[in-house]
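[1] Just the structure for this:
(chains A and B)
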Amino acid sequence: VKILFVMLHPGFIRYYDGALRRLAAAGHDVHLAFEVTRTKLGEDATAAALAASSTRITCGTTPERSESVRTFLARSDRSATRSGDLFAGSQAASHEATWDSLATTIRLLLDYLRFFEPVFANASALRERAGKRLPRVHAATVRTIARGGPRARALFASALSRIERIIPVSSALEAFVRDQRPDVLMVTPLIELGSQQVDYVKCARRLGIPSALCVASWDNLTSKGLIRVTPDHVIVWNEAQRSEAETLHGVPADRVLVTGAQVFDDWFDAKPSRSREEFCRMTGLDPSRPFVLYVGSSMFIAPDEVPFAERWLSRLRRSDDEGIASLGVLVRPHPANARQWFAFDGAAFSDAAIWPPIGTDPNAPDFRRDYFDSLYHCAAVVGINTSAQLEAAIVGRPVFTVRAPEFAHAQEGTLHFQHLLQVEGGMVQSAATIAEHLRQLAATLAGGFDREAQRRFVRAFIRPAGLDVPAAPAFVEAVESINRRGVNAPHPDSSAVVMFRPLVAGLARMARLLADDRPAWAYILRPAVTAAVWLAAPVFWVRESAGEAAATAGKRARRQLHRASYESIRSSAKLFRRLRKSMSKSVLQAGVTAKRAVRRAR
Amino acid sequence: MMNGQTALELLQGTPASRAASARAAEVRGFAYGQAGHTTARWAHARQMFWQEMHVELRRHAGNERFPFGFRGSLRRSAQQAYGRAARLANAASPRFPRRLLVEPFETRLPHELAERARRQAVQAGIDPDGAIVVAELRNRPDVLDDALDFLVSRSITVVCFGSDPAPATRRSGVIHAGESGNNALLELFLAARAQFVIASGWDLQFVSYLVNRPSLTLNGIDPFRLYPLRTDGLYLLRTSIDLATGRDLAVGDLLTEEYFRNLRHHGHREHAAADVTAAVQEMLEGMSGGWGDTEAQARYRARVVAAGGELAPTVRYVATWGPDHGFLGDGRLARVQAARQ
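    From the prediction side, this is the model:
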């Protein structure tokens, strides 16, 4: 089977690493195409390592877009300035960029609109994040419509979806997919705000290629955008995600395939690489005391996590319970949000350390091994809202969280956090205050840990086919089953779509203009400024030309004057020399004549 | 902690406080965004106009169909428009009117409110006529432990508001009066009767000016904003850290344009407990023996004032919080930190 897997960036490989290797081992050819390159956490190295692991796996990039989402968002930066005409360049490029602008606008509108649904009532931060991506005029429109109630929202969403259907797929992109000739086209994550991966799903439908969305992580279906064009299949981790795909994204039940979370397969079989004593000595903790692992969260969840962690640690140290107060504490910063931990005042607390050190390469061979060791050897795990809590549950450690006001947007304000609390009774012990949390911690460490409840969660959320059944083979089987269902009939554009496209082209041009996110009056002022500039240009040219002509004439006159004066001086000098010569000749001759006359007179 | 606006509302209405409140209202207007509304809007509108002109002209300057010289001329015009917008933006930014708060206010709680607050204090086990210090606990109460012990050893009762008390801070002489902001009247009443207040930030520091009490303000993250206005004020700076490299920043680094360009590029480490204790000792010394600058403190103030003058034209934050016509404040950085600069 030839698989084309379109990923936003190489960072998504980590979710499918094992599954991709299995696909290659099963004799399938996989080409990974990345929309954007990323090197922040060494993702390029991950891609290179994967490609080197099998000749059946290749990596490359997708065709460059006339206007990427990033460019679209950059254009809305009001403080930035750009040179040149917005619609300059070749007509074809400008045409495609215009459609890209409209597509991104429509997708961002849909993404923002979804966060006004009642289920997202508490998700103010998610709503705000989605709104920020839109030019202000569009965001205001969505807010106004959203106030109109469910019917207004549904009508608006339906209109946007219809426009989405009319937007053509870039010819370069279609040529790319045709060249690849895949049997199955997969995309991930697709639900990024304004994602252009929608075009690959549309392209696959046009060409009759079976398509699938691979849901990469547990928050993907609730904290980001919509699946705007439903692919033929959606591959999810578990039943909770199946329900989200159906209810929040309108995916028909028969298109959803549940495989489990292949990203965690390695965690079930992993073994610690060193003893607890060795690990504690390496990290600087006291091996004679149990320690708690504090797992950091991502930037969106916890932009200012250090003050909370210090407060928590300070309270832990002051606990009435000697066993709690003397616990060691190991802090593991989130790899993509580690910098803020430079401000962590570790020296103020005894038996507390940060591991791995800030700035450690997440692709370093020891990184994952150390992480597993830290989970394995700890007595409990504490965090705000992060996938490390899932990993802790797999390893079988009690997991805790504190509902702090500064993280309300990331706890009560996200749906995926509810999974931690609700799926099969939940696996995280949540406390409203640090004091309550410390009581929970004390009770658990005193032997009150319900490991069975945690296993039920892991089974339901991570490995729905059974705790002993890895997810990667199920993922491979899902991909093969998609292929076995055969190719679809190609869906070329309908005549209605072709008919409406010229009308929508006007909208596209407007979307491109509005993406600049200038104030409304600036658009009104723009024709006047443009006219003034175009009027000033000929005046400038005339003035410049007249100036040039005058300068040339002056130069000539000066040159002629110079020549005239030069010539006249020369000729005067010549005349003077002649005169002098003739005069001296005359004087000489007069002298000679006088001499002769005197001689004759003698 | 209650904010200054609540304090002003409680203090208003008494004859003695009216004149002072009018002055304070100007400050409140600044602090809570109510002052110069129309002026600020007008300045903002003009700034936006020139900003947009800059964008439009710059856009046309990139049009290759225009003669080269004309494009250069457009670029120059765009630059001029940008300069005007920048000047307007800076001029439109509100300025913290430091001079207005220097002189003491004649404020007092209305009799009825004062009596009610007194009863609440007694119920909470606080002797309102005894020697008390009001402390605001925010993130890490533990850094105040030694300082609180020191105060208690001087027979001073410490009344804490803020973070829920950890068991170890429950000690004789230290009374937790509840979460900050829950009982603004009690907080204000006690702040007005305290020997001095230990503020965790701007709000309680502002209240200390309203009730004319000395203040020690913690958690300064730049040299300007929390610089104490009155001679009986001290403040402490947190250690700033460059989050790109993990390097601790010196005061000189905090007085550069680069530092203010993006404050999120910096983290701030909690105070050392010893510094807080030393600052509390300095407060007691100042109150008993008179206030005066050490050479290091005077040098620090001069340095910050000079830097404020240099940075204000280009850094909006400093224009807002920096020296007010050359006046930064009569207070000082705590001796223990000034000596390290």
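
[2] what helix or strand does A:Ser94 sit in?
    helix A:91-114 (DSSP states H and E).

[3] Spatially nearest residue to the residue nearest the centre of chain A (excluding sequence neighbours)?
    In chain A, the residue lying closest to the centroid (CA atoms, centre = their mean) is A:Arg70, at 7.4 Å. Spatial nearest neighbour of A:Arg70, excluding adjacent residues (CB to CB, 6 or more residues apart in numbering or on different chains): A:Val36 at 7.1 Å. Where you see a C-beta, it was placed from the backbone N, CA and C, and this is true even at glycine.

[4] what's the distance between B:Pro94 and chain A?
    Distance of B:Pro94 to chain A, computed by CB to the nearest CB, to the nearest Å: 20 Å.

[5] Count the residues that sit near that residue.
    17 (other CB atoms under 10 Å in any protein chain shown).

[6] Show the pLDDT at it.
    Note on B:Pro94: pLDDT of 76.

[7] Surely it is in a strand?
    No. Assigned with DSSP: H, G, I helix; E, B strand; the rest coil, B:Pro94 falls outside any strand and is coil.

[8] circling back: sec struct for the residue nearest to the centre of chain A, please.
    helix.

[9] quick one, strands of the chain?
    Using chain A here. A:2-7, A:29-34, A:57-61, A:184-188, A:211-214, A:233-236, A:256-258, A:291-295, A:328-332, A:352-354, A:380-383, A:399-402, A:428-431 (DSSP state E).

[10] nope, chain B please
    B:132-137, B:157-162, B:174-176, B:196-199, B:215-220, B:233-237, B:239-242, B:247-248, B:266-269, B:332-333.

[11] Partner strands of the fifth one, with direction?
    So the one you mean is strand B:215-220. Strand B:215-220 has its sheet partners listed here by DSSP bridges as strand B:196-199 (parallel), strand B:233-237 (parallel).

[12] what does the shortest one rub up against?
    With contact meaning CB atoms under 8 Å, 6 or more residues apart in numbering or on different chains, strand B:196-199 is reached by B:1, B:133-136, B:144, B:147, B:191, B:204-205, B:207-208, B:213-218, B:232, B:280, B:283, B:287.

[13] picking that back up, so which of the strands of chain A is the most packed in?
    Mean neighbour count (mean count of other CB atoms under 10 Å in any protein chain shown) peaks for strand A:211-214 among the strands of chain A, with a mean of 27.

[14] And that strand, what does it pack against?
    Judged by 3 or more CB pairs under 8 Å, 6 or more residues apart in numbering or on different chains; DSSP states H and E, strand A:211-214 is in contact with strand A:184-188, helix A:198-207, strand A:233-236, helix A:471-484.

[15] Redo the strands paired with strand B:215-220 as a markdown table? Include mean neighbour count and mean pLDDT.
    Output for the strands paired with strand B:215-220, formatted as a markdown table (neighbours: other CB atoms under 10 Å in any protein chain shown; pLDDT from 0 to 100):
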| stretch | mean neighbour count | mean pLDDT |
| --- | --- | --- |
| strand B:196-199 | 26 | 96 |
| strand B:233-237 | 24 | 97 |
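
[16] just so I know, which of those lies nearest B:Leu100?
    strand B:233-237 (15.3 Å; CB to CB).

[17] Now find how far off-centre the closest one is within its chain.
    How far strand B:233-237 lies from its chain's middle: 10 Å, per CA atoms, centre = their mean, to the nearest Å.

[18] Contacts made by that strand with the rest, please.
    B:205, B:208, B:214-223, B:226-228, B:251, B:254, B:271, B:275-276, B:279, B:282-283, B:286, B:329-334, B:337.

[19] Next up, the contacts around the closest residue to A:Phe5 other than its chain neighbours.
    Of all residues not flanking A:Phe5 in the chain, A:Met186 sits nearest, at 4.6 Å (CB to CB, 6+ apart). By CB under 8 Å, 6+ apart, the contact set of A:Met186 is A:3-6, A:211-214, A:479.

[20] Would you reformat the residues you listed as JSON lines and include pLDDT?
    Shown next, in JSON lines, are these (pLDDT from 0 to 100):
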{"residue": "A:Ile3", "pLDDT": "97"}
{"residue": "A:Leu4", "pLDDT": "97"}
{"residue": "A:Phe5", "pLDDT": "97"}
{"residue": "A:Val6", "pLDDT": "97"}
{"residue": "A:Ser211", "pLDDT": "97"}
{"residue": "A:Ala212", "pLDDT": "97"}
{"residue": "A:Leu213", "pLDDT": "97"}
{"residue": "A:Cys214", "pLDDT": "97"}
{"residue": "A:Val479", "pLDDT": "96"}
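
[21] By mean pLDDT, point me to the weakest helix or strand of chain B.
    Every helix and strand in chain B was compared by mean pLDDT, DSSP states H and E; the lowest is helix B:15-31, with a mean of 61.

[22] ok, how many other residues are close to residue 52?
    Went with chain A since none was named. 10.

[23] that's the wrong chain, I wanted chain B
    Quick note: B:Glu52 (other CB under 10 Å) scores 21 neighbours.

[24] Could you check how far it is from chain A?
    In terms of CB to the nearest CB, B:Glu52 sits 4 Å off from chain A.

[25] confidence score at that residue?
    90.

[26] export the strands of chain A to TSV and tack on distance to A:Arg578?
    Formatted as TSV, the strands of chain A follow (distance: least, CB to CB, whole Å):
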stretch	distance to A:Arg578
strand A:2-7	96
strand A:29-34	91
strand A:57-61	87
strand A:184-188	99
strand A:211-214	103
strand A:233-236	109
strand A:256-258	114
strand A:291-295	108
strand A:328-332	106
strand A:352-354	103
strand A:380-383	110
strand A:399-402	114
strand A:428-431	117
